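Q: Mind looking at a prediction? Sequence and model below.
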Amino acid sequence: MTRIPRKSNWTILKFGGSSVSEAAHWQTIAHVVQQQKSTGFRPILVLSALKNVSNLLEALLHQSISGVHPIAIEHLKEMHQGLISHLKLPVDILLPQFKNLENICNEIHQSQQITPKNHAAVVSFGELFSTTIGLHFLNRQQISTDWVDARKILLSIQQADSWHHYTSAYCDFEYSPQLRSQLEQLNKVIITQGFIASDIDGNTVLLGREGSDTSAAYFGAKLNAAEVQIWTDVPGVFSANPKEISQAKQLPNLTYQQAHTMAQLGAKVLHPRALEPAMSNTIPIQVKCTHLPQNEGTRISVIDTTEVIDTTEAAKDSAQIIAITAEPQITWIRLPQTQKMDIDLLIEKVTAAGFDLILKSQKNKTCHLIFIYTNSDQAQLTDEALQQYLSIDNIKIKSALSLVSLINISNQGAWANKIVQFTQQFLPNGLLEALDFSSQGHLSLIVSNPNQLCQQLHFHLIENQLDNTFFGVNWKDLQN
């Protein structure tokens, strides 16, 4: 194994779709880059596609089948030309890339099929467009910048099924002295793409929706960067989705495990795969907001927040909840443990049908598996069709459910049981199952109709807490 040296002076700056979509935000981006340079760091910018462009490119795949893709491509051109015009850049900088996109769409129309391979190729254009715009803008601001193709650096690992291979890829993130030396020789600010990589055959692959966070963490680990900054449209990680709960509180500090659990269970501000590469090299992640750049946001690191809590026996059983997350569309699969079935094989088969596993639990002699559906090219199988596909006796499948999870600062005591009893006051008939992961610091509730459950739990368990050690400012106060 390659010996990892002390932290380099590289910093990885990931800017999400909302950050790169507005001309005004590009002045903030340029300021952040200059600030990093002035303090002795070497920034690498990892950019997402413009806001909603990935969704439009996914729709373009289906429009290519029906032959109306030229109209959709013109709409995409107009979106990007609007930003190019506001930034006062040459109008023709994206024309070669749009020509390549048009050629691929013509091929899809002729073949009348969308393959995972051409899905990845089409959707990758969003990041190619945004980084080309970014390159020209920064150079125009007298910030000497080089464009680097992420697909030349991030190599994916072969996966069993074609959909996940091309659209939800994993990459090696071992420290690379060769890459570090290669990039240092450029002696410029580097701009590259989030979300995309390549496989061993040179085909474009994607890192899963919202995968630019993961790209940033991969680059950080491969360079042993000093820090990874995730710039988005909210100032950090909050105790709930701030766009739904205005009293959600900022979490100034989180451990890697807490952040990973929140992301895995439905918090959208950070991609769950971004945590492992950073944690492997103890690279801190700072989540910040492009339109509130002075706010420190959330720092994710090795800081153990359990050190500041009450460790008395009474406190161990208390519910010191720091966050509530929700995953609104899950599929719940139950299988008796007495059933002679290889669970890993079952998970592999369900995954091949377009699902991703987010939770696995053994309870009351039953294996509980929680999946979300991620294949945007095909309609989700009905529960009956999935049951026939799996062809397993005694298996129970139920979709269109919700998963509400509570993240506790402690991983000890009987706090989960108390939360379940408390929740039953609000959902006397709607709580289908409680999956107790209290030893890992969280509890997940399967519900059929969450209604105002998240708001009620947040009000009683977070807003009414006397201990504000773990919280920063309210989202509502930030809007005033």
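A: Now that the structure is in, tell me what you want to look at.
Q: what's the average pLDDT for stretch 278-285?
A: Per-residue pLDDT values over stretch 278-285 give a mean of 93.
Q: List the contacts of that stretch.
A: For stretch 278-285, the surrounding residues in contact (Cβ atoms under 8 Å, 6 or more residues apart in numbering) are 4, 7, 173, 175, 217, 220-221, 224-230, 256, 259-260, 270, 274-275, 277, 299-302. Every C-beta, even on glycine, is put in place using the N, C-alpha and C of the backbone.
Q: Just the ones in helices from those, please.
A: Judged by DSSP state H, the subset of the contacts of stretch 278-285 located in helices is 217, 220, 221, 256, 259, 260, 275, 277.
Q: Save the residues you listed as CSV, and put in neighbour count too.
A: Output for those, formatted as CSV (neighbours: other Cβ atoms under 10 Å):
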residue, neighbour count
217, 30
220, 30
221, 25
256, 21
259, 29
260, 21
275, 26
277, 24
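Q: now, which of those sits nearest residue 97?
A: residue 217 (26.2 Å; Cβ to Cβ).
Q: Quick check: pLDDT value at that closest one.
A: 97.
Q: how close does it get to residue 12?
A: 8 Å (Cβ to Cβ, to the nearest Å).
Q: who touches both of these two?
A: Common neighbours of residue 217 and residue 12 (Cβ under 8 Å, 6+ apart) are residue 228.
Q: Can you report how many residues lie near the residue lying closest to residue 290 once chain neighbours are set aside?
A: Using Cβ to Cβ, 6 or more residues apart in numbering and skipping residues adjacent in sequence, the residue nearest residue 290 is residue 19, 4.0 Å away. Neighbour count of residue 19, defined by other Cβ atoms under 10 Å: 26.
Q: can you confirm residue 19 is in a helix?
A: Yes: Residue 19: assigned to a helix according to DSSP: H, G, I helix; E, B strand; the rest coil.
Q: That one touches residue 29, doesn't it?
A: Yes: counting by Cβ atoms under 8 Å, residue 19 does reach residue 29; the two are 7.0 Å apart.
Q: which neighbours do these two share?
A: With Cβ under 8 Å, 6+ apart as the test, residue 19 and residue 29 both reach 231, 290.
Q: Tell me where the stretch 101-250 of the chain has strands.
A: 145-147, 189-193, 196-198, 204-206, 227-232 (DSSP state E, counting those that start in this stretch).
Q: Note down every partner strand of the fourth one and its orientation.
A: This points to strand 204-206. Strand 204-206 has the following strand partners under DSSP bridges: strand 196-198 (antiparallel).
Q: What ranges in the stretch 1-150 of the chain fall below the confidence cut-off?
A: Scanning the stretch 1-150 of the chain for pLDDT under 70 picks out 1-6.
Q: ok, which stretches of it are helices?
A: In the stretch 1-150 of the chain, the helices defined using DSSP state H, counting those that start in this stretch lie at 17-21, 23-38, 53-66, 69-86, 95-111, 116-123, 125-140.
Q: Distance to residue 287 added to those helices, as a markdown table?
A: Below are the helices of the stretch 1-150 of the chain laid out as a markdown table (distance: least, Cβ to Cβ, whole Å):
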| stretch | distance to residue 287 |
| --- | --- |
| helix 17-21 | 12 |
| helix 23-38 | 14 |
| helix 53-66 | 20 |
| helix 69-86 | 24 |
| helix 95-111 | 30 |
| helix 116-123 | 24 |
| helix 125-140 | 20 |
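Q: ok now do residue 238, which residues does it touch?
A: Residue 238 neighbours (Cβ under 8 Å, 6+ apart): 248, 249, 250, 251, 269, 323, 475.
Q: JSON lines for those, including distance to residue 70 and pLDDT?
A: JSON lines is the format used below for the contacts of residue 238 (distance: Cβ to Cβ, whole Å; pLDDT from 0 to 100):
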{"residue": "248", "distance to residue 70": "43", "pLDDT": "95"}
{"residue": "249", "distance to residue 70": "48", "pLDDT": "95"}
{"residue": "250", "distance to residue 70": "45", "pLDDT": "95"}
{"residue": "251", "distance to residue 70": "46", "pLDDT": "96"}
{"residue": "269", "distance to residue 70": "36", "pLDDT": "83"}
{"residue": "323", "distance to residue 70": "46", "pLDDT": "95"}
{"residue": "475", "distance to residue 70": "42", "pLDDT": "91"}
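Q: Show me the residues you listed that map onto helices.
A: residue 475.
Q: most neighbours, which of the contacts of residue 238?
A: Neighbour max across the contacts of residue 238 (other Cβ under 10 Å) = residue 323, 27 neighbours.
Q: For that residue, which residues are in contact?
A: Residues in contact with residue 323, defined by Cβ under 8 Å, 6+ apart, are 237, 238, 239, 240, 251, 258, 262, 267, 406, 407, 462.
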